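*Asks:* predicted structure and sequence below. I'll ask about it afterward.
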Amino acid sequence: ISKGDPVFIRGTATGQPAGGLQVWLIGNNYALVDTVSVAADDTFSYELKSSVTDSLAQGQYFVLIHHPMMNGEFDFSYHAGRGEVTSVPDGTTLFKLTGSGRLQASDAASALVGGVGSQNIDDSFSAVSFMISPPATTINPIGDHIVGDTFAITGTTNLAAGDALMIEVISSSFRPTTKVQSGEFTGTSGTISVQKGTGYNRWTFPVATAGWRPDEYIVTVSAVLQDATASSTFVLREYEPVTPQVTTAATSMATIPATTTVGVPVTTPTADAAILLPLIAGIVGLVVAGRSRRNL
């Protein structure tokens, strides 16, 4: 719970107690005892106004909703003058809630729960606790984007659902300029409302970057009514078309040597040639043999 935000404590209570329910709020050097009525549909709602939470110190707070049950009487009451919580049936003091000698918040809450929950008491209760913290907000990691992207900047906060946040997204190149200089820059801004979340509340801011210049951008979020700010950056890159790569399968080819075919004329020997061929063969053989003898 953020300091300065209202807090609503809601629930159901049967039996339609005429005096309503007793609300105990115990925290760091703080105590509040009040009553809340029950509606016809058995529901109740108690508001801690923003002026109250703004004055609360940081820390844990305990809430106990006290039901008087069948007799319609609260068996424990708080005496502001003495700062004591006493038992109504016998007038004994249960513990000191405020003033000198008071119990610490957690101890006082435990003592009250133990007293109201006693088997000798017909009262019943329901308890819950919450933390009071200074107003705060965070920005989730944004990551880099490409010009033309549409995306959402998100974050968390302890501010109440419905609180207003101002979001600014501005190019980091933006600087004050003279009259003769161009002050052109790109970015966006706007006001959004905090949305209910689990644990911490959340916020979302849509961004469309068509027509923006590639640059680093500064994101700032700030509460409109409270003192809470956060900042972050992201880079907007220029769109670069991707050239498809064509993969060529390697082909291995063996080199085949060229073969030259020479035509040899074939002639049919004549009768004279048939007689001369054996003689020529014999002469050739003699010559070769003669050369062989010389070589030997």
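*Replies:* Everything's here; your move.
*Asks:* can you read off the pLDDT for residue 181?
*Replies:* If you check residue 181, the pLDDT there is 45.
*Asks:* try residue 138
*Replies:* Value for residue 138, per-residue pLDDT: 96.
*Asks:* likewise residue 280?
*Replies:* 40.
*Asks:* the strands in the stretch 101-250 of the chain, which residues?
*Replies:* Counting by DSSP state E, counting those that start in this stretch, the stretch 101-250 of the chain has strands at residues 124-132, 137-139, 145-146, 150-157, 164-171, 187-193, 201-208, 215-223, 229-237.
*Asks:* what helices or strands is the fourth one leaning on?
*Replies:* For strand 150-157, the packing partners by 3 or more CB pairs under 8 Å, 6 or more residues apart in numbering; DSSP states H and E come out as strand 137-139, strand 164-171, strand 201-208, strand 215-223. Glycine gets a C-beta too; all of them are placed from N, C-alpha and C.
*Asks:* quick one: buried residues of that strand?
*Replies:* Residues of strand 150-157 classed as buried by neighbour count (16 or more other CB atoms under 10 Å): 153, 155, 156, 157.
*Asks:* what lines up beside it in the sheet?
*Replies:* Sheet pairing of strand 150-157 (DSSP bridges) gives strand 137-139 (antiparallel), strand 201-208 (antiparallel).
*Asks:* now do the first one: everything it contacts.
*Replies:* Looking back up the chat, that one is strand 137-139. 153-159, 165, 203, 219, 221, 223, 228-232 (CB atoms under 8 Å, 6 or more residues apart in numbering).
*Asks:* quick one: buried ones out of these?
*Replies:* Applying 16+ other CB under 10 Å to the contacts of strand 137-139, the neighbour count classes 153, 155-159, 165, 203, 219, 221, 223, 228, 230, 232 as buried.
*Asks:* quick one: low-confidence ranges for the stretch 151-296 of the chain?
*Replies:* For the stretch 151-296 of the chain, the stretches with pLDDT under 70 are 174-184, 242-244, 246-296.
*Asks:* repeat that with 90
*Replies:* The model of the stretch 151-296 of the chain has pLDDT under 90 over residues 172-186, 198-199, 225-227, 239-296.
*Asks:* dig out what the nearest residue to residue 232 once chain neighbours are set aside forms beta bridges with.
*Replies:* In space, and not counting its chain neighbours, residue 232 is closest to residue 139: 4.3 Å by CB to CB, 6 or more residues apart in numbering. Taking DSSP bridges as the rule, residue 139 bridges to residue 155.
*Asks:* how many residues are close by residue 139?
*Replies:* Residues contacting residue 139 under the criterion other CB atoms under 10 Å number 20.
*Asks:* how much space between it and residue 163?
*Replies:* Here residue 139 is placed at a distance of 16 Å from residue 163 (CB to CB, to the nearest Å).
*Asks:* just residue 53 next, same as before
*Replies:* Taking CB to CB as the measure, residue 53 falls 13 Å from residue 163.
*Asks:* could you dump the buried ones among the contacts of strand 137-139 into a markdown table and include distance to residue 91?
*Replies:* A markdown table is the format used below for the buried ones among the contacts of strand 137-139 (distance: CB to CB, whole Å):
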| residue | distance to residue 91 |
| --- | --- |
| 153 | 61 |
| 155 | 54 |
| 156 | 49 |
| 157 | 48 |
| 158 | 42 |
| 159 | 45 |
| 165 | 53 |
| 203 | 52 |
| 219 | 62 |
| 221 | 55 |
| 223 | 49 |
| 228 | 48 |
| 230 | 54 |
| 232 | 60 |
